[in-house]
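>>> give me a model of this one.
(chains A and B)
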Amino acid sequence: MFNGFCHSVMGASHEKRGIVCQDASAFKVGEGFAVAVVADGHGSKKHFRSNIGSKCAAEAAVETIETFFADPDAFDASFKEDHKWLIRKLEKYVIYLWNEKTMAHLKENPVTIDEKHLFEHKDFIEIPESSYYGTTLVVAVAARGYTFGFQIGDGSLVAVFEDGETSQIIDYEESNPANITASMCNAMAIAMFDSFYVKDKRLLCFCISTDGLYTSFGSDYDFLDYHTIIAGQLPNIEAFLPSLKNNLVKRSHYGTEDDISLSCIYDPELVVSANETVKAKILDNKRKAAERKAKLLNK
Amino acid sequence: MSKKNKPANSAPKPPVQEQQTKLPELPEDDFDMLDFDDDPLSATGVSRKSLVIFFLIDTSGSMKGTKMGELNTVMEELIPEIRRVGEADTEVKIAVLTFSTGVKWMYAEPIAIEEFEWQRLTASGVTSMGEAFKELSMRMSRNSFLNSPSLSFAPVIFLMTDGYPSDDYKEGLEALSSNSWYKFGLKAALGIGNEANDDMLAEFTGSKDTVVHAYSGNQLAQMIKIVAVTASQIGSKSMTLADQNEQELSDEDVYASKQKMLGQQIQELVSKNESDDVSFDSGW
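Down below sits the predicted model:
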């Protein structure tokens, strides 16, 4: 039904500062579903284990979806009955699993002297343990005849439809509560999730990414066109993947130097049958971009 | 949802497919050796961290003649200089707002410095500075001129005027003062000739150190270049976010430091460039 891939590149600035990659990405294709996940550890001082936190979040999300889809027919029926309730249940379960995983990690790996050394004692004891692992999380699921997802913190979800049209499902907007300081480590995390549900639209692919990708673009148009190009290359995925990985490295190096993660799930049959349409759309996007530039420069 | 579907406490662990690529370990200068030529995704460019320089220029009738002629000439010369200023990893953009009886943008949105062409200005009408402040406040937003997904430095805002506003500038300044980009932006102002009021300009910049005055054509050229180039240099500088004790600094601290640095450098350069030109208003 669906296939997928994911990739994370380490940010150029992180490498310069000797910081490990804070991102994690994952995908899983199972019976009746495909799930794509990215997570971006906060990476700041008090979130000193956020690289572990992002991995725990990616694992928790995949496990949650797999667990809930153990009986895909029952899941489909429940979803159609009350998708809001079910998505909220998934979000709660992801939080629960993430807390279990991070606290298990902390138990096995108590805070070291070096880690504590970064803080004054009075400041350190003020930090909640879960904050050590603070991270964002973006999850997209393609099921039979419908798509849904949820997100806490920044990150982008882009759907490419069979006519080559793209849509940024949850707008990247600073005023969006899901995109400001929202984090899996927040005590009120459940209130900070944003979610979406799309039905009756055939998807070529669904790409989700951490904000390092979005912030490497000069405009929303370019960001969306990028995803149409990805969709056009999916029929030759093996040949395309090295180019994509190279491109993500380039974007991190020349862009904002942040870690970048991309996770994609796609319909392998539809990307082939709609390929001519998508290629025509790519050319059309290129023409429109040239027109926009000429108009801006009054040419 | 059936009972059967409820998550078990001990959920099976699926294999999480995860890959990670470290950046190639090449010296900085050799990074270009990587082959990106066959990249089908190169059609969409990579955007660097951007800095928008806003020029607010008085084009009222009193600017007519030598002042406007000189300003046009120096701005044409300035653009190539600013192109050289932006650090390699900064994308500098220019936005020009003129104000007289109304307000007008030179281009519909900020233009990359590499593509920017100065359009010669003419002068007429009154000095609607308050309206210009309101217009600037409206456009300095993520929903308008600063909508690029790429990260931005706080903007540089450079005001040039030769007289007192003919409208309620305080009302405009009040609107502008609530804009975060303005609060954190690097602000400088140039008073041209005897009529310009430095106290009012200091209200705009927040400090007298970032207000300069030009009384002759030569001074005008010098001051515009000093302020614009210095502000661009400081504006595009990534400052450390930690102090000497490794305590994280807030954005407010970083931008306050930059504004202070701008004032100091401008005053230093201005004192070095003081000329013996004849008083400006006799020469305009």
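>>> max-length helix in chain B?
Across chain B, the longest stretch assigned as helix under DSSP state H is helix B:251-272.
>>> and for residue 217, the neighbour number?
With no chain named, the answer covers chain A. 22 (other Cβ atoms under 10 Å in any protein chain shown). Heads up, the C-betas are built off the backbone N, CA and C, glycines and all.
>>> please refer instead to chain B.
19.
>>> likewise for B:E109?
With other Cβ under 10 Å as criterion, B:E109 counts 15.
>>> what's the closest residue to it other than its chain neighbours in contact with, if anything?
The shortest distance from B:E109 to any residue other than its chain neighbours is 5.7 Å, reached at B:F145 (Cβ to Cβ, 6 or more residues apart in numbering or on different chains). Residues near B:F145 by Cβ atoms under 8 Å, 6 or more residues apart in numbering or on different chains: B:V52, B:A95, B:E109, B:P110, B:R139.
>>> hmm, 10 Å instead?
For B:F145, the contact set (Cβ atoms under 10 Å, 6 or more residues apart in numbering or on different chains) comprises B:52, B:54, B:93, B:95, B:105, B:108-110, B:136, B:138-139, B:155, B:181.
>>> same check, this time on B:V52
Applying Cβ under 10 Å, 6+ apart to B:V52 gives the contacts B:91-95, B:109-111, B:139-140, B:145-146, B:148, B:152-157, B:181, B:185, B:235.
>>> so it sits in a helix?
No - judged by DSSP: H, G, I helix; E, B strand; the rest coil, B:V52 forms no part of a helix; its state is strand.
>>> dig out what it forms beta bridges with.
Beta bridges link B:V52 to B:K93, judged by DSSP bridges.
>>> for chain A, give me its nearest residue in the stretch 151-284 of chain B.
Closest approach between the stretch 151-284 of chain B and chain A, counting by Cβ to the nearest Cβ: B:L151, at 5.2 Å.
>>> check the gap between that residue and A:P128 for me.
Going from B:L151 to A:P128 by Cβ to Cβ, to the nearest Å gives 28 Å.
>>> tell me which of the two has more neighbours.
B:L151 (16 against 11).
>>> so A:I52 sits against A:S130, correct?
No - counting by Cβ atoms under 10 Å, A:I52 sits too far from A:S130 to count as a contact (11.8 Å).
>>> what do the two both touch?
Joint contacts of A:I52 and A:S130 (Cβ under 10 Å, 6+ apart) are A:T102, A:L106.
>>> B:D89 against A:K16, yeah?
No - counting by Cβ under 10 Å, B:D89 does not reach A:K16; the two are 12.0 Å apart.
>>> between these two, who's got more neighbours?
B:D89 (15 against 11).
>>> quick check: closest non-adjacent residue to the more buried one.
B:R48 (5.2 Å).
>>> could you report the neighbour count for the one you found?
Count around B:R48 with other Cβ under 10 Å applied: 21.
>>> hmm, back to that, ok, the residue nearest to B:E109 to A:M1 distance?
Counting by Cβ to Cβ, the separation of B:F145 from A:M1 is 44 Å.
>>> how about A:L157?
Going from A:L157 to A:M1 by Cβ to Cβ gives 19 Å.
>>> these two: which has the busier surroundings?
A:L157 (25 against 15).
>>> secondary structure element for the more buried one?
strand A:156-161 (DSSP states H and E).
>>> so how far is that strand from its chain's centroid?
Distance of strand A:156-161 from the chain centroid (Cα atoms, centre = their mean, to the nearest Å) equals 11 Å.
>>> and the residue of the stretch 151-299 of chain A closest to chain B?
In the stretch 151-299 of chain A, no residue comes nearer to chain B than A:G218, which is 3.7 Å away by Cβ to the nearest Cβ.
>>> that residue: neighbour count?
A:G218: 20 neighbours (other Cβ under 10 Å).
>>> list the residues that contact the nearest residue to it once chain neighbours are set aside.
Take A:G218 and drop its neighbours on the chain: the residue closest to it by Cβ to Cβ, 6+ apart is B:S47, 3.7 Å away. Neighbouring residues of B:S47 by Cβ under 10 Å, 6+ apart: A:215-219, A:222-223, A:251, A:254-256, B:91, B:112, B:148-151.
>>> please check the contacts of B:V52 and keep the buried ones.
B:91-95, B:110-111, B:139-140, B:145-146, B:148, B:152-157, B:181, B:185, B:235 (16 or more other Cβ atoms under 10 Å in any protein chain shown).
>>> tell me where the stretch 151-284 of chain B has helices.
B:169-177, B:180-184, B:198-205, B:217-235, B:251-272, B:280-283 (DSSP state H, counting those that start in this stretch).
>>> quick one: low-confidence parts of the stretch 101-250 of chain B?
B:238-250 (pLDDT under 70).
>>> please pull out the lowest mean pLDDT helix or strand from chain A.
For chain A, the helix or strand with the lowest mean confidence is helix A:12-16, at a mean of 75 (criterion: mean pLDDT, DSSP states H and E).
>>> now check that one, is it near chain B?
Yes - residues of helix A:12-16 contacting chain B under Cβ under 10 Å from any Cβ of the partner chain: A:A12, A:S13, A:H14, A:E15, A:K16.
>>> so how far is that helix off the chain centroid?
Relative to its chain's centre, helix A:12-16 lies at 21 Å (Cα atoms, centre = their mean).
>>> in that helix, what's buried?
By neighbour count on 16+ other Cβ under 10 Å, the buried set for helix A:12-16 is A:A12, A:S13, A:H14, A:E15.
>>> tell me if the next helix or strand after that helix is near chain B.
Moving toward the C-terminus from helix A:12-16, the next helix or strand (DSSP H and E) is strand A:23-30. Yes - using Cβ under 10 Å from any Cβ, strand A:23-30 reaches chain B at A:D23, A:A24, A:S25, A:A26, A:F27, A:K28, A:V29, A:G30.
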